[in-house]
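In: coordinates only, no sequence provided:
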């Protein structure tokens with residue numbers, strides 16, 4: 001079963017999480033506006049100057065996540081799930097919130113007024129060496145660098161966990177996403193057996209997705 005794509009447009013990643021769930025551990029230097037990813041809550045500032053508060057999701061966040069996905073465009077949901085999706089329901093959200101931080105962890109990004117504007121999920125395989133990442137952005141908050149910042153942050157979390165590689169499957173038509181991923185050090189190659197898909201991956205041991 002193929003993974004779903006990293007980005008739905010230049011600002012954010014979208015991927016189907018249930019189905020395929022998959023650390024040079026040295027962390028890169030963090031810019032001054034960003035606290036350690038080991039903290040319960042982290043402050044991020046995007047390239048456009050938007051300040052975010054990022055924290056790990058908990059089971060009680062299911063309702064907030066369901067509401068959030070109502071505000072993700074249908075096109076972005078299609079890119080994320082590689083199919084026509086009208087509603088992200090309990091089973092999909094439960095997979096993001098499974099209580100196993102060693103393998104699966106979801107992060108919620110709030111803007112200063114408390115609106116949930118971005119969601120990122122990291123899921124590792126049984127070996128803890130490879131992980132998938134998915135980032136979604138609220139339709140009213142696109143093009144503000146939220147997706148780029150969350151991807152970089154999650155890559156730092158993954159590196160701290162000892163994960164060496166991030167992967168996702170991208171639609172071949174999603175040119176803007178692939179360009180952004182390459183800017184962050186990801187590589188792209190044909191996905192075996194499906195000419196419409198691209199395998200996008202980053203070797204964290206080599207500093208990919210550090211944004212430096």
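Out: That came through fine. Keep in mind that what you see is a predicted model, and the values were worked out from it rather than measured.

In: only C-alpha atoms for contact and neighbour calcs from this point on.
Out: Noted.

In: grab the longest helix from the protein for me.
Out: Longest helix of the chain, by residue count under DSSP state H: helix 146-160.

In: could you point out which element follows that helix?
Out: Per DSSP states H and E, the first helix or strand lying C-terminal to helix 146-160 is strand 165-171.

In: show me the shaky parts of this protein.
Out: Per-residue confidence for the chain (pLDDT under 70) gives these ranges: 1-39, 176, 207-212.

In: can you pull out the strands in this protein?
Out: Counting by DSSP state E, the chain forms strands over residues 7-9, 12-13, 42-45, 51-56, 104-111, 116-124, 130-137, 165-171, 187-190, 197-203, given from the N-terminal end onward.

In: still on that earlier bit, which elements pack onto the longest helix of the chain?
Out: Counting contacts by 3 or more Cα pairs under 8 Å, 6 or more residues apart in numbering; DSSP states H and E, helix 146-160 is packed against strand 12-13, strand 116-124, strand 130-137.

In: now do the longest one against strand 130-137, angle only.
Out: On the basis of axes from the mean of the first three to the mean of the last three Cα atoms, to 10 degrees, strand 116-124 is oriented at 170 degrees to strand 130-137.

In: which secondary structure elements does strand 116-124 contact?
Out: Applying 3+ Cα pairs under 8 Å, 6+ apart, one finds that strand 116-124 makes contact with helix 62-70, strand 104-111, strand 130-137, helix 146-160.

In: how far out from the middle of the chain is that strand?
Out: Centroid displacement of strand 116-124 relative to its chain, using Cα atoms, centre = their mean, to the nearest Å, is 5 Å.
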